[in-house]
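J.: would you be able to build a 3D model of this:
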Amino acid sequence: MVQLATSDTMPPSADEMKACDQDCQDAAVFAYRWEWGATGFCCAAHGALLQQTSTTLKRSIALHPIAPPVAAPLLRDERIQLTARSLVLEAEVEEARSQGLSVYRKNGDLQVQLSAAVVKERELKAQLTDAGLKLQAVERQANNLEAENGRLLVELERLRELDTFVSAQSDREANERGLGGGESPDGR
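T.: Take a look at the predicted model:
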């Protein structure tokens with residue numbers, strides 16, 4: 001037989017959230033008290049099982065639903081404090097929002113500067129590559145000119161040697177003409 005819960009059959013601290021004490025981890029939805037005084041908390045499935053057990057034992061058990069704790073109404077001072085706190089938090093949120101917007105704009109400016117720096121870097125690299133190519137062309141031209149200069153110096157030395165040889169040959173021939181009884185170059 002099932003009894004309705006009364007003030008003397010209510011278990012202590014029935015308004016707190018409890019777990020089922022019947023070897024399961026579900027949340028308790030009922031508080032119970034046997035007629036001999038044993039109390040506890042159970043889930044819906046174990047509540048039905050306890051009612052069947054009480055019928056089988058021909059003993060009474062009191063089951064009543066556990067109501068969640070009800071919050072006490074706020075006092076005027078508490079409402080004023082919460083409202084003031086809410087206003088302060090709203091001001092802080094607005095300040096944080098404006099700072100976030102400022103940071104966002106600065107980030108945008110920095111991204112533009114970064115893009116400009118990247119473009120300038122690419123341009124400078126291209127100019128450096130062009131300057132390197134020009135330098136290689138100038139070095140090739142300088143090497144060609146040095147090679148040409150070397151060839152010309154060799155040719156100049158050869159011509160000097162040849163001139164020296166021709167002059168020496170010419171002097172010998174002149175001396176031979178002068179020694180061989182011929183006329184001298186001055187006509188005597």
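J.: would you map the helices across the chain?
T.: Using DSSP state H, the helices of the chain run over residues 44-57, 76-179.
J.: mean pLDDT and mean neighbour count added to those helices, as TSV?
T.: Any C-beta I mention is one placed from the backbone N, CA and C, and that applies to glycine too. As requested, the helices of the chain are exported to TSV (pLDDT from 0 to 100; neighbours: other C-beta atoms under 10 Å):
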stretch	mean pLDDT	mean neighbour count
helix 44-57	91	15
helix 76-179	92	10
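J.: just put these in TSV and tack on distance to Asp26.
T.: TSV is the format used below for the helices of the chain (distance: least, C-beta to C-beta, whole Å):
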stretch	distance to Asp26
helix 44-57	8
helix 76-179	35
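J.: which among those helices is found nearest to Ile66?
T.: helix 44-57 (10.6 Å; C-beta to C-beta).
J.: can you show me the CA trace of the closest one as PDB?
T.: Coordinates of each C-alpha in helix 44-57 appear next as PDB, following Å, rounded to 0.1, in the frame of the first residue of the first chain:
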ATOM      1  CA  ALA A  44      11.900   6.900 -11.500                       C
ATOM      2  CA  ALA A  45      12.700   3.200 -12.400                       C
ATOM      3  CA  HIS A  46      13.700   2.400  -8.800                       C
ATOM      4  CA  GLY A  47      10.700   4.200  -7.400                       C
ATOM      5  CA  ALA A  48       8.400   1.800  -9.300                       C
ATOM      6  CA  LEU A  49      10.500  -1.100  -8.100                       C
ATOM      7  CA  LEU A  50      10.200   0.100  -4.400                       C
ATOM      8  CA  GLN A  51       6.400   0.400  -4.800                       C
ATOM      9  CA  GLN A  52       6.300  -3.200  -6.100                       C
ATOM     10  CA  THR A  53       8.600  -4.300  -3.200                       C
ATOM     11  CA  SER A  54       6.300  -2.600  -0.600                       C
ATOM     12  CA  THR A  55       3.300  -4.400  -2.100                       C
ATOM     13  CA  THR A  56       5.200  -7.700  -2.000                       C
ATOM     14  CA  LEU A  57       6.300  -7.100   1.600                       C
END
